[in-house]
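Q: Only the shape, not the letters, is given here:
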Ligand code: 5GP
Ligand code: ZN
């Protein structure tokens, strides 16, 4: 998908701060973070929503979220995090390439997610 921002990040055509990478999954820092350490986890292949994502790839994304969530919390000394997908435009998904958010949360942070 030439016009997809996240595919361009996977291809290295748009710079990003990589948090984790393997053959199928990429995690990178959000460019407009809701909190320090806000990380996005994506399948490298283009799929618009979770509804289009093959189950095996969904499992890999989930495994990465599972491993990275405590690591991201540790990195910014957060006691908790919101881990979420906006799935579809009406739900607030702005980039049509599946991505999970890891948003570190802090006491009394106002719940901006
Ligand atoms: P959504 O609203 O689709 O769930 O979240 C999209 C996220 O992608 C937003 O948090 C936004 O800040 C982030 N984002 C959009 N464009 C870029 C970009 O070019 N680079 C990075 N690193 N993040 C981006
Ligand atoms: Zn894409």
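A: Received it, and whenever you're ready, just let me know what you need. Nothing here was measured: the structure is a model prediction, and the numbers come from that model. Ligands and ions are numbered 1, 2, ... in the order given.
Q: for this protein, what's the longest helix?
A: Secondary structure of the chain per DSSP state H: the longest helix is helix 55-76.
Q: ok, and what's touching it?
A: Contact with helix 55-76 is made by 19-20, 22, 24-25, 27, 35-37, 39, 41-43, 45, 47, 50, 53, 78-81, 83, 98, 100, 102, 104, as judged by CB atoms under 8 Å, 6 or more residues apart in numbering. The way it works is simple: take the backbone N, C-alpha and C, and place the C-beta from them, glycine included.
Q: and the residues you listed, which are buried?
A: In these, burial by neighbour count holds for 19, 25, 27, 35, 37, 39, 41-43, 47, 53, 78, 81, 83, 98, 100, 102, 104, counting by 16 or more other CB atoms under 10 Å.
Q: Show me what the following helix or strand past the longest helix of the chain is packed up against.
A: Using DSSP states H and E, the helix or strand that follows helix 55-76 towards the C-terminus is strand 80-84. Packed against strand 80-84 by the contact rule (3 or more CB pairs under 8 Å, 6 or more residues apart in numbering; DSSP states H and E) you find helix 55-76, strand 100-105.
Q: when you scan strand 80-84, is anything in it near ligand 1?
A: No. No part of strand 80-84 sits close enough to ligand 1 to count as contact by CB under 6 Å from any ligand atom; the gap is at least 8.1 Å.
Q: Residue numbering should commence at 238 henceforth.
A: Happy to do that; since the first residue is 238 now, the last one works out to strand 317-321.
Q: Now do the contacts for the residue nearest the centre of the chain.
A: Central residue of the chain (CA atoms, centre = their mean): residue 277, 1.9 Å from the mean position. Contact analysis of residue 277 by CB under 8 Å, 6+ apart lists 243, 264-267, 336-339.
Q: Then residue 290?
A: By CB under 8 Å, 6+ apart, the contact list for residue 290 reads 280, 284, 298, 335.
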